[in-house]
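Colleague: Model the following, please.
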Amino acid sequence: MNSNFFSMLFRMKYIDRWALMRNSRQETLTEHTLEVAVLAHALAKLGNTRCGKNYNADRAAVMGMFHDAHEILTGDMPTPVKYQNSSIETAFKGVEQAANESLLAMLPADLAGEYAPLLNEEDAILKPLVKAADKLSALIKCIEERKTGNLEFKMAEQSIRETLAANPLPEVALFMKEFLPAFELTLDEMR
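Modeller: Residues are numbered from 1 along each chain as shown. As a prediction, this is how the structure comes out:
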């Protein structure tokens, strides 16, 4: 059986994010998923090192790589639309699940079971880390856009900051306090 699964995954580079926003620099789904993977790994390492947690950081990173794979088929649904009301949110969750099932159907049966937990974010312990990493990636995008003078992301930045500030995971607060300020710096200021 020939499988289209990995070929489809590599189409992430063609999916643009933030469709409703004017971007100074377009962000692709590939870029976003790498950032989420790095951030999920970092949050897990912070949790393990400083908060006495026992996260599988490598698994968190891999979950970050696959967390938005469904967007290859659905595109990036803008947050204001996706969460406009519970009916739309529920319907779109069904669309995301159907997209994941379509992707999994492209795999040989012996591999589909290996990838299903990643696409479906079935790890209840790591899922909150990946969700927080997803929000951090979005916040970093907002910061980058503001730094270019693009105020289109101003309200999104404020909303995401508030969401992250309310996140109960201590590793999120640690990351925001210790590492997020560097995203405000220029290259020369980071050296």
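Colleague: Quick one: end-to-end distance for stretch 76-87.
Modeller: This stretch, stretch 76-87, spans 18 Å end to end (CA to CA, to the nearest Å).
Colleague: Could you do stretch 177-191 as well?
Modeller: End-to-end span of stretch 177-191 (CA to CA): 19 Å.
Colleague: again with stretch 12-28
Modeller: OK, stretch 12-28 end separation, CA to CA: 7 Å.
Colleague: Nearest the geometric middle of this structure, what residue?
Modeller: Geometric centre of the chain, nearest residue: Asp134, 3.1 Å, by CA atoms, centre = their mean.
Colleague: I figured that one hits Val36, correct?
Modeller: Yes: the pair Asp134 / Val36 is scored as a contact, 5.3 Å apart, by CB atoms under 8 Å. Placement of C-beta: from N, CA and C, glycine included.
Colleague: what separates the strand or helix carrying the residue nearest to the centre of the chain from the chain centre, distance-wise?
Modeller: Using DSSP states H and E, the element containing Asp134 is helix 127-147. Centroid separation for helix 127-147 versus its chain: 7 Å, with CA atoms, centre = their mean, to the nearest Å.
Colleague: What's the first helix or strand after that helix?
Modeller: The helix or strand immediately downstream of helix 127-147 is helix 154-165, counting by DSSP H and E.
Colleague: so what sits against both of Asp134 and Val36?
Modeller: By the contact definition CB atoms under 8 Å, 6 or more residues apart in numbering, Asp134 and Val36 are jointly contacted by Gly64, His67, Asp68.
Colleague: and whichever strand or helix holds Gly47, C-alpha only, in CSV?
Modeller: Following DSSP H and E, one finds Gly47 within helix 29-50. Output of helix 29-50 as CSV, limited to C-alpha atoms (Å, rounded to 0.1, in the frame of the first residue of the first chain):
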residue,chain,number,x,y,z
LEU,A,29,1.7,26.0,9.9
THR,A,30,5.1,24.4,9.6
GLU,A,31,6.7,27.3,11.5
HIS,A,32,4.0,27.3,14.1
THR,A,33,4.1,23.6,14.8
LEU,A,34,7.9,23.7,15.2
GLU,A,35,7.5,26.6,17.7
VAL,A,36,4.8,24.7,19.6
ALA,A,37,7.1,21.6,19.7
VAL,A,38,10.0,23.6,21.1
LEU,A,39,7.8,25.4,23.6
ALA,A,40,6.0,22.3,24.8
HIS,A,41,9.5,20.7,25.3
ALA,A,42,10.7,23.8,27.2
LEU,A,43,7.6,23.8,29.4
ALA,A,44,8.0,20.1,30.2
LYS,A,45,11.7,20.6,31.1
LEU,A,46,10.8,23.6,33.3
GLY,A,47,8.1,21.5,35.0
ASN,A,48,10.5,18.6,35.6
THR,A,49,13.4,20.7,36.7
ARG,A,50,11.7,23.4,38.8
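Colleague: Show me what that helix is packed up against.
Modeller: helix 57-66, helix 127-147, helix 170-178 (3 or more CB pairs under 8 Å, 6 or more residues apart in numbering; DSSP states H and E).
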